[in-house]
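> Give the three-dimensional model of this entry:
(chains A and B)
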2 protein chains.
Amino acid sequence: MFDSLSRRKLLKSISAATASYILSASAMAEVNSAEPAPPLHGNPGESKKAQRARWVALAQALRRDPVERRERPLALVRPIADSSKYLRWRMEQEDKGDALAEHLLRKGDHFILDFGGHRVGYFAFQLMGEGKSVDSPVRLKLTFGEVPGDVAEPLYPYRGQLSSAWLPEEIITVDFLPQHVRMPRRYAFRYVKVEVIDSSPNFGVRFRDVEAIGVSATKGEPQSLPADTPEWIRKVDMISAHTLRDCMQTTFEDGPRRDQRLWLGDLRLQARASYITYPNFDLVKRCLFLFAGLARESDGLLTACVFEKPEPLTTDTFLLDYSALFGSVLLDYVRASNDRKTARELFPVALRQIEVLFKYVDTSDIFRTPPDQWIFIDWNRQVDFTASGQGLMIYAAERVCELAEMLGQEEVARPYRAQIARMRTAARKAFFDESRRVCVSGPNHQLSWASQAWMVLGGCLTREEAQAALRHGVLESKESIPPATPYLYHHVAEAMTVCGMRAEALGLIRQYWGGMADAGADTFWELYDPKDSTYSPYGDVHINSFCHAWSCTPAWFFRAEKLT
Amino acid sequence: MFDSLSRRKLLKSISAATASYILSASAMAEVNSAEPAPPLHGNPGESKKAQRARWVALAQALRRDPVERRERPLALVRPIADSSKYLRWRMEQEDKGDALAEHLLRKGDHFILDFGGHRVGYFAFQLMGEGKSVDSPVRLKLTFGEVPGDVAEPLYPYRGQLSSAWLPEEIITVDFLPQHVRMPRRYAFRYVKVEVIDSSPNFGVRFRDVEAIGVSATKGEPQSLPADTPEWIRKVDMISAHTLRDCMQTTFEDGPRRDQRLWLGDLRLQARASYITYPNFDLVKRCLFLFAGLARESDGLLTACVFEKPEPLTTDTFLLDYSALFGSVLLDYVRASNDRKTARELFPVALRQIEVLFKYVDTSDIFRTPPDQWIFIDWNRQVDFTASGQGLMIYAAERVCELAEMLGQEEVARPYRAQIARMRTAARKAFFDESRRVCVSGPNHQLSWASQAWMVLGGCLTREEAQAALRHGVLESKESIPPATPYLYHHVAEAMTVCGMRAEALGLIRQYWGGMADAGADTFWELYDPKDSTYSPYGDVHINSFCHAWSCTPAWFFRAEKLT
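Down below sits the predicted model:
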């Protein structure tokens, strides 16, 4: 039977989970509260096209140059193959970083610098020539490594499907020495390998004033956690924060090594984590307006990803779950910032996603992703996402209803509230296996972590059912398909949190993110297979990203959810 | 016996040869003639060091940005291996240059542009992405070719001794499309090969607005030769002029592909050729002051080569013949420009070279290059340069005497005039084989073109002896060692000109420079072995320079010497 009391309790906790960080941000004044609120559906007489152009212009006006942080290398290191290490290599210190200037390098020589931690930014140095005659250009090869394997293993032959142009390798030629060289492209790196391809037989080269110029939209470090916080949590929290910092640039990027793009699903987790670590409301607002201004012209559906450079540009990549979650991002934002003006202006965009997507809810109140469209949920495409998609759409619609109610638009929310209720009933009926007390999905009653997580987050189960599903469908099941990505791990941990399995959520974080930390992560990775450090969905581990936005949420669990 | 009348005639003609272009420049007003002449030996109380610094500053004040010339590619071409062609390849046109924009290129695609002629400068283009999603950087490889082999043959494995960093090849990565790309380095090229290393499977790239931005200190074309000039002379003259144009940058460079440096020996020929094609007195003056300001501190000897960038810098490369010829460059300059102020200021520098070098004239009045020092004359180091060195030193000293006399310093010239006379007598005695009527050099009485040329230019032979030597020691001898470089070919042709063998000089130019022209030269080469297009003194033909200053003098013969 359906226990409506326990369900209401669960729903409250789901909403509270997304709202609890407001406590730490409540001191913020309401942004622009003195200005008259704009009309809910745009300026009078403004066309959709003009409105979108205005939103993009508004987003562009919020663009800020990143903050620079200059650092010297800590050490000269040498990679040693080490099968006892998850990352296959350990780095041995050869000398202190400032000893580099003592070395005169010739054709074929190389060195590897260790900056002691991950950063995103630029690399610069003073290149001197020394010898009988500095009589030719110098050609150098530079490789930027997030992890030891990037600089210890050859990047070619490359076996990946993604563009090899992402491989962080450059060959440069410096004509006249001495010369200050600042590499023109931005890289994500802790290690820099420099090889002298050639100078001339008459001279060698010396590197002085080598520096990494880290860039981020934020600076400093988040407030310290309470003094009695366990060490492993401090460590995972710090790695989370640095992951986020390095993805906070002129937008929230998914990963600074590769793609470097603003994805709606990643933005949602990043923005949440940012409010309690590096609050930067303008950056979130900029991203919200970029998406809103670049919506699909035909129906207003939001793209999953926008390109920021060289000019803001929409894409034809649509992930129905990402579009649906725009309201969740907006709700989180207004709760953190109190910027109701933006909430009022963008609420119609959030609502529009639900209006468009709920056309795919069938007569039995089940959301069905059309076969020619994508719902993301997780990278593992073997998973049947019907149950999780249903839970997610309910979750997303409920956030839009909360936004409507916050803005005094209860009448807009009402029909959706009714539909959400019907969809929850249908979901429980279709996907909850009462005998096994787990959620299943698809014609083969497939068991997956995705289904448990989103059925819980969608509020389709009572608190006790939710706990049972997460226990039997996640923690204790060997057959249940686990996540491929930290993005889904996050939602599993969040589902545990909202149904009272806080210890289990913390355990999962300790096991998964703590596992990456133990394996030597400076920032959390796009992908983590505890059994195989060469796993890549792209065919080559060297194209994986080792600082990826959707992995940054442990800090949010610790700080917003007080999960310690 | 020594025929002093015919010798005087010959000497007059040697001096006139270097002076005859003054006719075409005589309309020029005397440069700065209104200013008071500076003292002959520097400003009163000015130290040598201060004087040198002032000269370098004066040179730097004369630095001018090169003139830009933008051009579109004429054709898309494909190299076809062709053993009937001297350069091993012929270029077949695939399409017009402006058809490039019609091609969408993907990973592995490439094209070769033909700009229709040699230039020095930059390469720029608009890079567009087209496809489902422009979702990655683009990595390109660019190769700049002076001749077809540069872009038709792989540059690696490289077998040369000079730095491979000179190989004109770049790999670049363009992050965001569309993007205007201007390659930051300067290249010497007619052909540009562009290979798409990778984009992504989701898009291809299109190149628009491709342009070469040629740079030179000069612009326009030299005055036309008289209407009845033979076609081959017009062609060789034009190639000479373009060779010079592409070497005239912020200094006179030896070769814009490789080295890109100011050499004193090359400067002498370039400056001469410039006065009757692209007169630019400030550029010559700048180079004269650079050498003077960067003389060796201990004794004032001039280095063979100075580095201009990033800051003017002397080198420890001394070629005794180059130092000696500074006076020749200065004399040519003042005759062409009428800038007596500079001549007065730099005369002591020219004189100093002879003062220093004549210490190596032994008691039998023979100049002997010390074993630890170099006299260049030509690249072929099998040649005994005693005879040619003697002739050259006499030639150089005589130019300094002419300078002294022009500046009213006859008393300075007098002792050198006497020494020159003694050295001529000694030279004729030591090196002229009266029975064979050729000049020989060294313990093995070696026969070489170098010896004949410089003994004639040094005025050591009568006109008839000179003609005989050039006939028996150059034109009709199979054993006589020919030049390795156009630099020595020039001096052989000049020697023929001064001793009345104008037809033979013209024949040599037709055969040697005309041979390069027939072989497809757009500009004259650093090296030309008619029998082997892969010859390189550096171990790899791809490091040879195909536009080299010391090859630019046919225009001087045609225009200043009226050799047509």
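
> Could I get the buried residue list for stretch A:366-383?
Buried residues in stretch A:366-383, counting neighbours by 16 or more other C-beta atoms under 10 Å in any protein chain shown, are found at A:366, A:367, A:369, A:374, A:375, A:376, A:377, A:378, A:380, A:383. C-beta: built from backbone N, CA, C; applies to glycine.

> The first one: what's it in contact with?
Residues in contact with residue A:366 (C-beta atoms under 8 Å, 6 or more residues apart in numbering or on different chains) are A:386, A:390, A:423, A:426, A:427, A:430.

> Export the residues you listed as TSV, with columns for pLDDT and distance to chain B.
TSV is the format used below for these (pLDDT from 0 to 100; distance: C-beta to the nearest C-beta, whole Å):
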residue	pLDDT	distance to chain B
A:386	98	27
A:390	98	29
A:423	98	33
A:426	98	35
A:427	98	33
A:430	98	35
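
> These in helices, which ones?
Among the contacts of residue A:366, the ones falling in helices (DSSP state H) are A:386, A:390, A:423, A:426, A:427, A:430.

> quick one: which of these is most hemmed in?
With neighbours taken as other C-beta atoms under 10 Å in any protein chain shown, the top of these is residue A:390, carrying 29 neighbours.

> Just the element for residue A:142, please.
Here residue A:142, judged by DSSP states H and E, is contained in strand A:138-145.

> And residue A:488, by the same measure?
helix A:486-498.

> starting at the chain centroid, how far to that helix?
The chain centroid and the centroid of helix A:486-498 are separated by 14 Å, computed with C-alpha atoms, centre = their mean, to the nearest Å.

> Repeat that for stretch A:134-150.
Here stretch A:134-150 shows a centroid-to-chain-centroid distance of 29 Å under the convention C-alpha atoms, centre = their mean.

> Is any residue of that stretch near chain B?
Yes: contact between stretch A:134-150 and chain B, assessed by C-beta under 8 Å from any C-beta of the partner chain, occurs at A:134, A:135, A:136, A:137, A:138, A:139.

> wouldn't the second one be in contact with residue A:199 here?
No: counting by C-beta atoms under 8 Å, no contact exists between residue A:135 and residue A:199, whose distance comes to 9.2 Å.

> coming back round to it: tell me the angle of the next helix or strand after the helix holding residue A:488 relative to helix A:486-498?
Along the chain past helix A:486-498, the next helix or strand (assigned with DSSP H and E) turns out to be helix A:502-518. Between helix A:502-518 and helix A:486-498, the angle comes out at 150 degrees (axes from the mean of the first three to the mean of the last three C-alpha atoms, to 10 degrees).

> in the stretch 1-150 of chain A, what residue is nearest chain B?
residue A:136 (3.5 Å; C-beta to the nearest C-beta).

> Roughly how far does that residue sit from residue B:536?
Taking C-beta to C-beta, to the nearest Å as the measure, residue A:136 and residue B:536 are separated by 16 Å.

> Residue A:205 now?
With C-beta to C-beta as the criterion, residue A:205 and residue B:536 are 26 Å apart.

> and residue A:99, how many neighbours does it have?
Residues lying near residue A:99 (other C-beta under 10 Å) number 13.

> Can you lay out the ones in helices among the contacts of residue A:366 as TSV showing distance to residue B:62?
Supplementary listing: those in TSV, determined by distance: C-beta to C-beta, whole Å:
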residue	distance to residue B:62
A:386	79
A:390	79
A:423	82
A:426	86
A:427	83
A:430	86
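
> before we move on, back to that, residue A:135 and residue A:199: which has the busier surroundings?
The neighbour count for residue A:135 versus residue A:199, taken as other C-beta under 10 Å, is higher for residue A:199 (29 against 20).

> can you pull the contacts of that one?
Shown in contact with residue A:199 (C-beta under 8 Å, 6+ apart): A:106, A:107, A:129, A:136, A:138, A:205, B:163, B:165.

> beta partners of the third one?
What it means is residue A:129. According to DSSP bridges, the residues that bridge with residue A:129 are residue A:205.

> And the pLDDT at it?
Turning to residue A:129, the model gives it a pLDDT of 96.

> Confirm for me that it is in contact with residue A:136.
No: look at residue A:129 against residue A:136 with C-beta under 8 Å: they stay out of range, at 9.1 Å.

> what does chain A put close to chain B?
So far as C-beta under 8 Å from any C-beta goes, chain A lies against chain B at A:132-139, A:161-166, A:170-171, A:173, A:175-179, A:185, A:197-201, A:259, A:307, A:309-310, A:315-317.

> Can you select the buried ones from those residues in ChimeraX?
Written as a ChimeraX command, the selection of buried residues from the residues of chain A next to chain B, which uses 16+ other C-beta under 10 Å, is:
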select /A:133,134,135,136,137,138,139,162,163,164,165,166,170,171,173,176,177,178,179,197,198,199,200,201,259,307,315,317
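
> so of the residues of chain A next to chain B, which ones are in strands?
In strands, defined here by DSSP state E, the members of the residues of chain A next to chain B are A:138, A:139, A:170, A:171, A:173, A:179, A:197, A:198, A:307.

> Grab the nearest non-local neighbour of the closest residue to chain B within the stretch 401-550 of chain A.
Per C-beta to the nearest C-beta, residue A:543 is where the stretch 401-550 of chain A lies closest to chain B, at 10.3 Å. The spatial neighbour of residue A:543 that comes closest, neighbours along the chain excluded (C-beta to C-beta, 6 or more residues apart in numbering or on different chains), is residue A:160 at 4.3 Å.

> would you list the residues of stretch A:134-150 next to chain B in a markdown table and tack on pLDDT?
Output for the residues of stretch A:134-150 next to chain B, formatted as a markdown table (pLDDT from 0 to 100):
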| residue | pLDDT |
| --- | --- |
| A:134 | 92 |
| A:135 | 92 |
| A:136 | 95 |
| A:137 | 97 |
| A:138 | 98 |
| A:139 | 98 |
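
> closest to residue B:419 among those residues?
Checking the residues of stretch A:134-150 next to chain B against residue B:419 with C-beta to C-beta, the nearest one is residue A:135 at 35.7 Å.

> check contacts around the residue of chain A positioned farthest from its centre.
Relative to the mean C-alpha coordinate of chain A, counting by C-alpha atoms, centre = their mean, the farthest residue is residue A:132 (52.1 Å). Under the criterion of C-beta under 8 Å, 6+ apart, the contact list for residue A:132 reads A:202, A:203, B:316.
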